[in-house]
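[1] Any chance you can model this:
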Amino acid sequence: MAAQTKSIGVQPELLRWARDSANMTIVDVAEKFKKRPEEIEAWENGEGGPTYAQLERLAYEIYKRPLAIFFLPSPPDEPKPRTEFRSLPDADLSSLQRHTVLLIRKGHAFQAALEELYQGRNPTERPLWRETSLSTQRAVSPQAQRVRDLLGVSLEQVEEASTDDEALKLWRRAIEARGVFVFKDSFKQGEISGFCLRHEEFPIILINNSTTKTRQTFSLLHELAHLLFNRSGISRFDDAGIDELPPQDRAIEKFCNSVAAEILVPARDFAIAVRGLDPLHASDEEFAAVARRYHVSRSVILRRFLDQGQVSEAFYLEKDREWANQRGRGGSGGDYYNTQGAYLSERFLRDVVSGYSRRVISKSEAAEMIGVKPKNFDAFQDLVLRGAA
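    Reported below is the predicted structural model:
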């Protein structure tokens, strides 16, 4: 009977805030909750309210919030996507799906866990963003070379990678070694390629695992470029909407694309690799052969021709759309714990496990940091001990 007791002390404003912050309409909530929209609207207007059991469902299943947050006197102050991200036009920001909004919130939770784990200070002696930054007022090539030098990834190392996945891991580990924590997840909103969240000590990148490894690599470097502009960013797979951005934001977004392409495919080496190749008449296999050299997509190779003025933007967009229709999904597959371990920042997971092993943090604290139930933490500990994460 206690489950039927009305919730006490829940402000209607908090119910509205929780729904708005998940980018959901009253109809969306009603459908998930198997209720009439009028009933959800009445709760938000202070006419009655959910039972305690219903509030638990709202908190844990629909809004993905701690239950305690609904008993605050007023909504907490949180960054909103519209103010946090300037790399998408307003139309795209307003259409962010609930799952994407929840992933952004998950990213902030990871940052809070990082602050707790490392006691407020990045464990890297020389974080990348304190060694260099980007500016649209300087040439792309030397800035990209500076980033590549600081990451310590050579063309030879990339070329020697046996698979696209190995090349992605090479870049990911190099970036984490310079203080940026990299996470992955499967995005339900397929057109989003990833996002980054700036932070003075703990910037993070979260990339969409539901696509090819080469696409993930470009997204990783694109989001890194955002961070080196000292801004959060959320990016699409295509260039749609860039021209709708304000001039300064549009310039930065295009610059991030160029920097990522130059880091992955340096112009000097590219000129040698494509000598004698006519991009307007080259076959898909010829583009693919060059792409394999750098473990990038054909679109990145075509973008290099675009950057050098050898193809028009219309030609690039047409081929990119054609190739996009041919791309497979990255997928995860395999063992659940291996997959989830790969989603987490390798350095973060390793240090959480180390903290638990040294009894610096408890199992429940360690599990909360990586976002799993305490009973499942041992499986992630085994991953680290086996070196599989």
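[2] tell me the domain ranges of this protein?
    With domains defined by automatic domain parsing, the chain comprises 2-72, 90-267, 336-386.
[3] Look at the closest residue to Glu159 other than its chain neighbours and say how many residues are nearby.
    Nearest residue to Glu159 in three dimensions, chain neighbours excluded: Arg293, at 6.2 Å (C-beta to C-beta, 6 or more residues apart in numbering). Yep, even glycine has a C-beta here, placed from its N, CA and C like the rest. Per other C-beta atoms under 10 Å, the neighbour tally for Arg293 reads 16.
[4] Three-state assignment for the most centrally placed residue in the chain, please.
    Most central in the chain under C-alpha atoms, centre = their mean is Leu206, positioned 2.3 Å from the mean C-alpha point. Classification of Leu206 by DSSP: H, G, I helix; E, B strand; the rest coil places it in strand.
[5] Let's have the domains of the chain in a markdown table, adding distance to Gly309.
    What follows is the domains of the chain, written out as a markdown table (distance: least, C-beta to C-beta, whole Å):
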| stretch | distance to Gly309 |
| --- | --- |
| domain 2-72 | 40 |
| domain 90-267 | 12 |
| domain 336-386 | 39 |
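[6] for those, which one sits closest to Ala273?
    domain 90-267 (8.2 Å; C-beta to C-beta).
[7] mean pLDDT lowest for which of the domains of the chain?
    Among the domains of the chain, domain 2-72 carries the lowest mean pLDDT, a mean of 84.
[8] ok so, going back, for Pro79, which of the domains of the chain is the nearest?
    domain 90-267 (7.6 Å).
[9] Can you name the residues that contact Ala177?
    124, 151-152, 347 (C-beta atoms under 8 Å, 6 or more residues apart in numbering).
[10] ok so, going back, now the residue nearest to the centre of the chain, nearest residue through space, not along the chain?
    Closest to Leu206 by C-beta to C-beta, 6+ apart is Phe183, at 4.6 Å.
[11] On the three-state scheme, the one you found is what?
    Phe183 ends up strand, using three-state DSSP.
[12] now it: how far from Asn208?
    Distance of Phe183 to Asn208, given as C-beta to C-beta, to the nearest Å: 11 Å.
[13] Who has more neighbours out of these two?
    Using other C-beta under 10 Å as the criterion, Phe183 and Asn208 rank with Asn208 on top: 26 against 22.
[14] Go ahead and confirm the more buried one touches Leu220.
    No. With contact defined as C-beta atoms under 8 Å, Asn208 does not count as touching Leu220 (10.5 Å).
[15] tell me, what's touching the two both at once?
    Common neighbours of Asn208 and Leu220 (C-beta under 8 Å, 6+ apart) are Gly194.
[16] Any chance of the backbone angles for the closest residue to Ser297 other than its chain neighbours?
    Leaving out its chain neighbours, the residue that sits closest to Ser297 by C-beta to C-beta, 6+ apart is Thr214, at 4.2 Å. For Thr214, the backbone dihedrals (degrees, to the nearest 10) come out as phi -70, psi -40.
[17] which residues does Thr214 contact?
    With the criterion set at C-beta under 8 Å, 6+ apart, Thr214 makes contact with 164, 168, 291, 295-297, 300.
[18] rerun at 7 Å
    Contact partners of Thr214, counting by C-beta atoms under 7 Å, 6 or more residues apart in numbering, are 164, 295-297.
[19] now the strands: where do they sit in the protein?
    Using DSSP state E, the strands of the chain run over 181-185, 192-197, 204-208, 233-236.
[20] contact partners of stretch 20-38?
    19, 40-41, 57, 62-63, 78, 96-98, 101-102.
[21] again with stretch 159-173
    153, 157-158, 182, 213-214, 216-217, 220-221, 293, 295, 346.
[22] now do 6 Å
    With contacts defined as C-beta atoms under 6 Å, 6 or more residues apart in numbering, stretch 159-173 is touched by 158, 182, 213-214, 216-217, 220, 295.
[23] Show me which of the residues you listed are buried.
    In the contacts of stretch 159-173, burial by neighbour count holds for 158, 182, 213-214, 216-217, 220, 295, counting by 16 or more other C-beta atoms under 10 Å.
[24] now, which of those lie within helices?
    158, 213-214, 216-217, 220 (DSSP state H).
[25] coming back round to it: JSON lines for the contacts of Thr214, including distance to Gln189?
    What follows is the contacts of Thr214, written out as JSON lines (distance: C-beta to C-beta, whole Å):
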{"residue": "Asp164", "distance to Gln189": "23"}
{"residue": "His295", "distance to Gln189": "26"}
{"residue": "Val296", "distance to Gln189": "24"}
{"residue": "Ser297", "distance to Gln189": "20"}
